[in-house]
Each structure stands twice: as C-alpha cells, then as structure tokens.
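**Student:** pasting the sequence and the predicted model now:
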Amino acid sequence: MRLITQRVHMNKCNCRDSRQITLDRDFNVPDAKPDALSIMKEQGNIQIEEVRMVDGKASIKGELVFQLLYAVDGEMPVNEMSGSIPFEEMIPLSCADRDDELTVNATVEDLRSELINSRKLGLKAVLTLEVVAETVCDGEGAVEIEEAEDVFSRKKTLSISRLVFSKKDTLRVRDEWKIPGTKEAIGQILYSTIRLGEINTRMNDNELQVDGQAQLFVIYLSDEELPQMNFYENTIPIEGKIECNGCEADMVAQVVTGIHSKDLEIKEDEDGESRVLDVELVIDFDIKVYGQDQMELLTDFYSTSRKCQPVYEDSYFENLIVQNKSKVRIGGKISADNDRTPLQIWDVNGELRIDHKEQQENGLLVEGVIDISVLYLTEDDRIPLTSVKGSLPFEQLVEAEGLEENSNIWLRGTLEQISGSLAGDKGIEIKAVAALELIAFERIEAPIITGYEEEEIDWKARSREPGIIGYVVQGKEELWDIAKKFFTTMSSIVEINHMEKNEVKEGDILLILKEVNMP
C-alpha cells in the first residue's frame, strides 16, 4: 500500500517583536535659506532600506525623512527645510530562521522640533519598529491510502488557508489641476504635502482593484510684483489595477500601502500663467492573497491482515478566522494659541496611533489616539501663519468571533479623513474617520501521518486465541480503537452486538469475533 499526501502552500508567522527608538539631532539652516523665527509644522516618514537576520537578531537600517515649515521675517513669510536622520537597530528574534522573510512596520510615534537659534533647529522623534519573521512553507500530510483492500482509515476535515499569491508592486497615479481664478497664479512653492486617504482594495479574477484618494496641500507665493502667500488643496483620485495571476474574486487579500515617491510640477495654462499643478504619485503595495480549502487529513489507519503503525510528525496550518474593516468616527476640540487668534484654517493633518489592543469574547478592543496638527492664518502680519497641536483619543471594538490567545492577528489602522473648523473661543472643532483593518488566522498544530511501520502477524499464535471473547470498554475508548486492537472491523462488532449506533461508553461489555484474514 502507498500513502497519498497533499501539500498546502502557506505563510507561517514564526515570531514578531517590536522596539521603540529615539532619534535626536540638531540641524543648521542652509546658508541659502533665511533665518528662522519659529517652527510652525513638521512631518516625517520612515524609509526602511535594509532588513536581514544576523546571529538571531533582525538588523534594520533606515532613515527618518523630515520636512519642516518655519516662519521667516521678511517678504517671504515662510520657508521649508528638509533632511534625514539615519538609524540602525538590532531586534532579537529567537524563533526566526536565517531564511525567514522579514517585514517591518515602522511608525512615527512622536515628532517634535525646536528652534535653538535662528540658524539651528533641533529635531526629536520616537519611532516604533515592529518586525515579523515569516516563512513561506508547505504543510504536508497524508490524505489517502492507495491499493489497500483490507486497510481501514479514519480522517478529519480541516479548514485551512493557503497562500496563493505574494508580491510587492507599485501603482503610478498622475493628475493635474488649474488654480481657480479667485486665487493668484503660482510664483514659488514654499511647502507641499501629499497624504494617502481612504484606500479600498477588492479582489477580482487575476487582479487587485484599487480605489481611493490622496490629499494635496500646497503653500505658495504668488507671481505678483509684491508676492502674497496663499494655499491650494485638492483631492487626488486613485484608481488602478495590479496583476495577481492565479487569484480569484472570492479570495482574501492582505494589502499594505505607502507612498513610494511624489513629484509636483508647476505648468503654464493656455494664457501663459503659472496656474497648473501637475502631480505624479507612486504608491507601494505589499500584497498577500489567501484562498480557503477543505482538507481531509488521514489521522489513523490499520489493517486486518498485518500490523501497521502510522508514523506521525507535527505539522502547522493556518485558517482564516475573520477579515473585518471597522470604521470609527472621532470628534472633539483642540485649543488654538492664546496669543494668536485663528482667522482661517489652512491645513489639518493627523496621524493615527494604536496604543493598546485587547482580545475580548466577541472581538478585539482597540485603543489609541490621533495626533493632530492644525495650520491656520492669524492677524499677525509678521508671522501670519501658526500651528497648534493636540490629540483626540478613540476606542473601538472590531468585531471578530473565534479569536484565541495564540491567534495570528494582523491589525492596521489608517486615518482616512480629517477636517477642522473654527468653533469660537479660539477652539477648533476636529472631525475624523479612521479605519481599523483586522485579519486573524487560527493556528492549527496537528500531528500528521508521514509514513508507517509494518510487520507480519504471528498467525500461529493468533490461531490459538479463542474465536470469540468478551471485552469491557476502558476509559474513553471508541469503537474504532477496539476494532483496531483486535484486527477486526467496526461493522463486525456492531453486527454481532446488535448495536444501533457506533458508540460505546466506559464499562460496556462487547463480544468480539476473531477475524482470520491470512495473506
């Protein structure tokens, strides 16, 4: 006889760990830039350059790329300064192998700047680096026995998730807008940001459909003889398809997005005025696609004509428990600077931070905050723009039935929308929509049959045994176990004992008829 096996391609999470690091550095204002009066706004993002295993640790190299907006005393009221802070960190991963695929989720927990003097700025950041070690492996187990008339087998059905597709790709988006006639034409861009908003993905056959938007914000000087400072904002629609060969519409996609690069260019309109903004945005996509299967796994077998002992090995499978995207609306007030009354809000920016998550009976309780920065116009002619920071907490239960203590949980939070309005008494009313995306897998560690050991039955000794015996069911024995012990069949025991069901309990007395199946 021969065992028939089946392989399941899967993504196994071996271990994960996280660490907070602090970056602190001073920067001189470049000679070509004017003196700084005050810092109004800062933003930063993390770029991971290299991740590799070194002596049981994940070596992570990257840099924090930042951009500062600061006030200037002169005809140009604001200016910007950009730079980067490199870092290298070692995070122990005791359960990871050298060949594991390492994924790093890096977030800026806190970013603060200070004006040391008019030619020197200080920047301090707290980063969280979460590294996950995964193995793309094949779970394999026996599912059938071939060429075995006198062999009886027992099976169980497993619901499992298999990794169908995995790749990193990019989507290029391009758009352009004309500055409305109510605003002056562009002479010089002083500051610009592009932030991803709501991104929705949907699996189709052989492709991933992407729909969403990004937000553009620009501060510029007009091209007039006496330049005036103004701003422009708009929404960049995101739409496209990414090839996912072999995928089907009913499969589950796990997608992580981020901005890879951006380019902003000023163009002239049909009248020769600099009123056209051309934007090209390249978005990174890290895609994993899972399919669901039912696998009938062979758990035991025996023969009535020979001794067969299955050989077991531990194997690992995963099964998708839940995929859920939960929206949470967040609102509240933050206070403006007491010395500078806001006249008009120019830009509202926020960063979502998850501080705590806790498994509950019907889902995952998520607690966190949105760190908010508001840029607004004041009546101060010397420093017309200023900014204020604040934070709003949130709490949300992401519904998820069946979570276990050892479940493999992937949680990602994104800020899809944020806006602000003047609320009187120097208050600023904030409204935001955040998305919490949860994907959770059940870890299945089960012994599987990888082979068997076989030996002949001593038929002479067997012939001296009684033709029929009485047997008392022990402990949690099942009818299968008794049939296997006496080289007979369940149907034979049921028939001779006139049983209505294939069920026994401790203390039952059964008659066992000896089977003689000599080869």
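**Tutor:** Done, it's in. Residues are numbered from 1 along each chain as shown.

**Student:** which residues sit in contact with residue 277?
**Tutor:** By CB atoms under 8 Å, 6 or more residues apart in numbering, the contact list for residue 277 reads 176-177, 179, 186, 216, 218, 232, 264-267. C-beta here means a position set from N, CA and C on the backbone, and glycine is covered the same way.

**Student:** in which helix or strand would I find it?
**Tutor:** strand 276-303 (DSSP states H and E).

**Student:** next one: residue 482
**Tutor:** Per DSSP H and E: helix 479-485 holds residue 482.

**Student:** show me what that helix packs onto, helices and strands only.
**Tutor:** strand 151-178, strand 276-303, helix 490-496 (3 or more CB pairs under 8 Å, 6 or more residues apart in numbering; DSSP states H and E).

**Student:** who's in contact with the residue located most distally from the centre of the chain?
**Tutor:** Here the centre of the chain is the reference, and by CA atoms, centre = their mean the most remote residue is residue 464, at 65.8 Å. Residue 464 makes no contacts at all, as judged by CB under 8 Å, 6+ apart.

**Student:** now it: how far from residue 514?
**Tutor:** Distance, residue 464 to residue 514, using CB to CB, to the nearest Å: 11 Å.

**Student:** what does residue 57 give?
**Tutor:** Separation of residue 57 from residue 514 (CB to CB): 62 Å.

**Student:** likewise for residue 78?
**Tutor:** 97 Å.

**Student:** those two: who's more crowded?
**Tutor:** Neighbour count, other CB atoms under 10 Å: between residue 78 and residue 514, residue 78 has more, with 22 against 15.

**Student:** wait, the more buried one touches residue 68, no?
**Tutor:** No - at 10.4 Å, residue 78 does not count as touching residue 68 under the criterion of CB atoms under 8 Å.

**Student:** number of residues surrounding residue 456?
**Tutor:** Each residue near residue 456 was counted by other CB under 10 Å, and the total is 9.

**Student:** and it, what does it touch?
**Tutor:** Contacts of residue 456 by CB under 8 Å, 6+ apart are 306-307.

**Student:** circling back: list the buried residues in the helix holding residue 482.
**Tutor:** 479-484 (16 or more other CB atoms under 10 Å).

**Student:** how about stretch 424-434?
**Tutor:** For stretch 424-434, by 16+ other CB under 10 Å, it's 428, 430, 432-434.

**Student:** repeat for stretch 32-40
**Tutor:** Buried residues in stretch 32-40, counted by 16+ other CB under 10 Å: 34, 36-37, 39-40.

**Student:** between those residues, which is nearest residue 459?
**Tutor:** Within these, the smallest distance to residue 459 is 92.5 Å, found for residue 39 (CB to CB).

**Student:** please identify which helix or strand holds the closest one.
**Tutor:** Using DSSP H and E, residue 39 falls in strand 38-54.

**Student:** sheet partners, orientation included, of that strand?
**Tutor:** strand 57-71 (antiparallel) (DSSP bridges).

**Student:** going on from the partner strand, what's the next piece of helix or strand?
**Tutor:** Next along the chain from strand 57-71, counting by DSSP H and E, comes strand 78-92.

**Student:** buried stuff in that following strand?
**Tutor:** So strand 78-92, judged by 16+ other CB under 10 Å, has buried residues 78-81, 83, 85, 87, 89, 91.

**Student:** partner strands of that strand, with direction?
**Tutor:** strand 57-71 (antiparallel).

**Student:** just the CA coordinates of the strand it pairs with, formatted as PDB?
**Tutor:** Below are the C-alpha coordinates for strand 57-71, written out as PDB (Å, rounded to 0.1, in the frame of the first residue of the first chain):
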ATOM      1  CA  LYS A  57      18.600  39.300  15.500                       C
ATOM      2  CA  ALA A  58      16.800  41.400  12.900                       C
ATOM      3  CA  SER A  59      19.200  44.100  11.600                       C
ATOM      4  CA  ILE A  60      17.100  47.100  10.500                       C
ATOM      5  CA  LYS A  61      18.600  50.000   8.600                       C
ATOM      6  CA  GLY A  62      16.600  53.000   7.500                       C
ATOM      7  CA  GLU A  63      16.200  56.800   7.900                       C
ATOM      8  CA  LEU A  64      13.600  59.300   9.100                       C
ATOM      9  CA  VAL A  65      12.900  61.700   6.300                       C
ATOM     10  CA  PHE A  66      11.500  65.000   7.600                       C
ATOM     11  CA  GLN A  67      10.300  68.300   6.400                       C
ATOM     12  CA  LEU A  68       9.900  71.500   8.500                       C
ATOM     13  CA  LEU A  69       7.900  74.600   7.800                       C
ATOM     14  CA  TYR A  70       9.200  77.700   9.600                       C
ATOM     15  CA  ALA A  71       8.400  81.300   9.900                       C
END
